[in-house]
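Participant: Could you work out the structure for the sequence below:
(chains A and B)
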Amino acid sequence: MSKAVIVGASAGVGRALAERLAAEGWSLVLTAREREDLDAVACDLRLRYGGAIRVVAADIADAGFDPDGYLQACLEDGASDALLLLAGASDPADDAEAPDEAIVRLTRANYTGPLRVLGAFARAFAKNGRGTIVGFTSIAAHAPRRKNPIYASAKAGLESYLISLRHRFADTPIIVQAVALGYADTAMTFGKPLFFPAIAPEDAARNVIEGLGRDRGLVFLPCWWRWATLALKMLPWPLYKQLDF
Amino acid sequence: MTRATLRSFDGTESYGVELRRPDRYRILRQDLQHEGASIARGTGLSYCAASAGEDVRVLLSRGYDRLLAFDEATGIVEAESGVTLGKLYEFSVPRGWILPVMPGHPSITLGGCAAADVHGKNQHREGAFSGVVESLVLWHPDRGELVCSRAQNPEAFELTLGGFGLTGFIVSLRLRLQRIGSSSFVRERLPVKSLAEAAAVMRARADADSLYSWHQLNGGGPGRGFVYCARGVAGRGESRLSWAPLSAEKRGRRLPPLYNRLTTRLALGAYALSERLHPSKMTIGLGEAVFPVVGREFYFDLFGRRGFREYQALVPEPAFPEMAESIARLARESRAPITLASLKLFSGKASLLRFEADGVCFALDCPEGEPALRFFAGLDEVVARLGGIVNLAKDGRATAALARRLYPGYGDFKRRLAAFDPKRRFDSALRRRLDV
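Facilitator: Got it, this is the predicted structure:
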């Protein structure tokens, strides 16, 4: 029976992944900052699917976060087959004039924290000789603009790190994927006018789980974002700077 | 968060609201703390605007749709308020349990059921939803988290059941399920010549598991139709439920009003004919018995964007023959197309603004328009004279004056709600219209 650790499991795409994996009989370790949300998700999944669902509350962005302690807590009931890392944070104050505190906080939440978790799990998977890592980044990483520069650049850094991990573990049983997520119908986008349709979390989860066993590297979700961001990247600066998105 | 326009399910009202969809408990707490008024919204299927109001902050309960605990020995389930009846059905039925009081559609949320004190097809035997609630957890920005039951915070408990969300945000509920007796039912269709005859036929079969009637009132007659009486039988029936979500936003969005006097009379005539072509006794499964509307949601779409109105009221049984005669007469005089006319038997004790009492309950659907308003205004007078009540979750034109006239508990509810929520942290178009 397979086991997955989901970081960022209390809402949105993370919760949808937990639901789908539980339905398919996976045992799960769910992580998020707030225990009360995790407990509700875990109770629901245990009742409906009967599997082994544990929760480990942790704030990976916290300065005092202990990745090895966290890893131990996640693996105390056995080795994990997969790590799905969705944690991140955005902030309306994220722009070129954001205060220093926001830079530190958002970088920890979107880059440093995730890297520390990935590092711990990469070490564990390397020791076991197997495992799948899926790190979620964002289309924002591929089309930097005046909004959310800290978030977008952190995701770009995270994506680069994931591709490096993939390279390191190439030709081993360890699979590393980066999923650049487009607009998803979650709290991040609710109520905002969007130029492109938002994917339902359930559909995003289905796509990710179907692709788990494959060495697909960097994927865009939905896939057409690859071409949309490519087209944006190819715009000459005088046109690009006019964009307001 | 976003500015949005929310329509009532019947399509007759719409309001500009601040809409939020919190997905974490911390966010819900934050969203409840603000200067203005809030209201919780489940699926928003109350026919009138009970979970919307101009400039009210509407908090969708969608993110709180999780089952929390289930006791296999006692059948007590704990669930968040955003759990739909369909989700609870899919969980409990394979385990041999079912919620004994279930209103029309699986899309309705448990929080909505409690707030409107809903009823099912079997009200006279199972009672109303308030009877199956063991306890609930209510959040109020000034009062904090209240665990409410008959023994703990009983005032909050009583006001919240049938309180239309005006006491706070119901976060979770503990409900007493019932063991499933049968998953297979034999449903008998008995022809009746009038509304009054239907009530008598139903009374004679009051021990049935499901009992309701259907009538054609568009030809000027006394309401020829059928009584449907279902009884559980041994044997495994089809209990799987396959359903599509119902929503106020999507209802009839792309259609003009298609029911008029002619089309309604023809449609109901065709329905009666098609029923007569089927055997009068049919075996149906649990899903069909509990949610007969599933698969037939197009009925609501055919009203188009303009919408419809439902008059649902309850009069004491001895007064029903007079009520029936008035319904038929007012139907003729108003010339309102009546797309649905249905009766149910009710039993209960009147309290506050809950739609509960002993008697015969009738529901009448009409496309929105002057004839419907004339028809319903005429019905108000008769219901008041006969000592009946109207269902305030359905009727979007019920005024404060009418509610005060019909409900002995009106003043009591108003006074106690003001004492519970003096700063009016929860508000809605319904509350404003009824002035409670």
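Participant: Which positions in chain A make contact with chain B?
Facilitator: Residues of chain A lying close to chain B (CB under 8 Å from any CB of the partner chain) are A:10-12, A:34, A:36-37, A:40-41, A:43-44, A:47-48, A:186-187, A:190-192. All C-beta atoms are positioned from the backbone trio N, CA, C, and that covers glycine.
Participant: Buried ones among the residues you listed?
Facilitator: Neighbour counting over the residues of chain A next to chain B (16 or more other CB atoms under 10 Å in any protein chain shown) leaves A:10-12, A:37, A:40-41, A:43-44, A:47-48, A:186-187, A:190 as the buried ones.
Participant: now these in a markdown table, with pLDDT and distance to residue A:162?
Facilitator: Below are these laid out as a markdown table (pLDDT from 0 to 100; distance: CB to CB, whole Å):
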| residue | pLDDT | distance to residue A:162 |
| --- | --- | --- |
| A:10 | 96 | 23 |
| A:11 | 96 | 22 |
| A:12 | 96 | 20 |
| A:37 | 98 | 26 |
| A:40 | 98 | 30 |
| A:41 | 98 | 25 |
| A:43 | 98 | 32 |
| A:44 | 98 | 30 |
| A:47 | 98 | 34 |
| A:48 | 97 | 32 |
| A:186 | 93 | 21 |
| A:187 | 91 | 24 |
| A:190 | 91 | 27 |
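Participant: would you turn the residues you listed into a markdown table with secondary structure and distance to residue B:146?
Facilitator: What follows is those, written out as a markdown table (DSSP: H, G, I helix; E, B strand; the rest coil; distance: CB to CB, whole Å):
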| residue | secondary structure | distance to residue B:146 |
| --- | --- | --- |
| A:10 | coil | 24 |
| A:11 | coil | 25 |
| A:12 | helix | 29 |
| A:37 | helix | 20 |
| A:40 | helix | 18 |
| A:41 | helix | 24 |
| A:43 | helix | 21 |
| A:44 | helix | 23 |
| A:47 | helix | 25 |
| A:48 | helix | 28 |
| A:186 | coil | 30 |
| A:187 | coil | 26 |
| A:190 | coil | 28 |
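Participant: Which members of these are the farthest-apart pair?
Facilitator: Across these, no pair lies farther apart than A:47 and A:190, at 27.1 Å, counting by CB to CB.
Participant: Return the residues of the stretch 51-200 of chain B in contact with chain A.
Facilitator: Listed as neighbours of chain A in the stretch 51-200 of chain B under the rule CB under 8 Å from any CB: B:63-64, B:66-70, B:80, B:91.
Participant: please redo it, this time with the cut-off set to 10 Å
Facilitator: Within the stretch 51-200 of chain B, the residues that sit near chain A (CB under 10 Å from any CB of the partner chain) are B:60, B:63-70, B:77-80, B:83, B:87, B:90-91, B:95, B:171-172.
Participant: Can you flag which of those belong to helices?
Facilitator: Residues of these located in helices (DSSP state H): B:87, B:90-91.
Participant: Report the separation between the spatially most central residue of chain B and residue B:249.
Facilitator: Closest to where the C-alpha atoms of chain B average out (CA atoms, centre = their mean) is residue B:118, at 4.9 Å. Separation of residue B:118 from residue B:249 (CB to CB, to the nearest Å): 21 Å.
Participant: returning to what we had before: buried only: go through the residues of the stretch 51-200 of chain B next to chain A for me.
Facilitator: Using 16+ other CB under 10 Å as the burial test, these include B:60, B:63-68, B:70, B:77-80, B:83, B:87, B:90-91, B:171-172 as buried.
Participant: Could you confirm residue A:15 falls within a strand?
Facilitator: No - Residue A:15 is assigned helix when assessed by DSSP: H, G, I helix; E, B strand; the rest coil, not a strand.
Participant: Show me what the closest residue to residue A:52 other than its chain neighbours bridges to in the sheet.
Facilitator: Leaving aside its sequence neighbours, residue A:52 sits nearest to residue A:27 (CB to CB, 6 or more residues apart in numbering or on different chains; 3.9 Å). Note on residue A:27: beta-bridge partners by DSSP bridges are residue A:3.
Participant: tell me the secondary structure for the residue of the stretch 201-350 of chain B found nearest chain A?
Facilitator: In the stretch 201-350 of chain B, no residue comes nearer to chain A than residue B:245, which is 12.6 Å away by CB to the nearest CB. At residue B:245 the chain is in coil, as set by three-state DSSP.
Participant: Ok, residue B:414 next?
Facilitator: Applying three-state DSSP to residue B:414 yields a three-state assignment of helix.
Participant: okay, which residue is most central for chain A?
Facilitator: Geometric middle of chain A (CA atoms, centre = their mean) lands on residue A:86, at 2.2 Å.
Participant: so where do the strands sit in the stretch 151-300 of chain B?
Facilitator: B:169-176, B:178-179, B:184-192, B:210-216, B:224-233, B:281-285 (DSSP state E, counting those that start in this stretch).
Participant: excluding its backbone neighbours, what's nearest residue 79?
Facilitator: Assuming you mean chain A. Nearest non-adjacent residue to residue A:79 (CB to CB, 6+ apart): residue A:128, at 5.6 Å.
Participant: that's the wrong chain, I meant chain B
Facilitator: Distances taken as CB to CB, 6+ apart place residue B:67 nearest to residue B:79, at 4.9 Å, with adjacent residues excluded.
Participant: Test my guess that that neighbour contacts residue B:84.
Facilitator: No - with contact defined as CB atoms under 10 Å, residue B:67 does not reach residue B:84; the gap is 11.1 Å.
Participant: wait, what's in contact with residue B:100?
Facilitator: Each residue near residue B:100 by CB atoms under 10 Å, 6 or more residues apart in numbering or on different chains is listed here: B:75, B:120, B:122, B:125-127, B:129, B:131-132, B:175-180.
Participant: The longest helix along chain A: how far from the chain's middle?
Facilitator: Scanning chain A for the longest helix, with DSSP H as the assignment, gives helix A:149-168. Distance of helix A:149-168 from the chain centroid (CA atoms, centre = their mean, to the nearest Å) equals 11 Å.
Participant: Name the residue of the stretch 51-200 of chain B with the shortest distance to chain A.
Facilitator: Closest point on the stretch 51-200 of chain B to chain A, by CB to the nearest CB, is residue B:66, at 3.6 Å.
Participant: Could you give the backbone dihedrals for that residue?
Facilitator: With angles defined as degrees, to the nearest 10, residue B:66 sits at phi -110, psi 140.
Participant: For the residue of chain B found nearest chain A, name its beta-bridge partners.
Facilitator: With CB to the nearest CB, the shortest gap between chain B and chain A falls at residue B:2, namely 2.6 Å. Beta-bridge pairing for residue B:2 (DSSP bridges): residue B:19.
Participant: count of neighbours near it?
Facilitator: 12 (other CB atoms under 10 Å in any protein chain shown).
Participant: Throw the buried ones among the residues of chain A next to chain B into TSV and include distance to residue A:215, thanks.
Facilitator: Converted to TSV, these look like this (distance: CB to CB, whole Å):
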residue	distance to residue A:215
A:10	29
A:11	29
A:12	26
A:37	33
A:40	35
A:41	30
A:43	35
A:44	33
A:47	35
A:48	32
A:186	28
A:187	32
A:190	34
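Participant: Out of those, flag the one nearest to residue A:206.
Facilitator: Closest approach to residue A:206 among those (CB to CB): residue A:12, at 14.5 Å.
Participant: Please name the residues that touch the closest one.
Facilitator: When contacts are counted by CB under 10 Å, 6+ apart, residue A:12 touches A:86, A:181, A:184-189, A:201, A:204-205, B:23-24, B:63.
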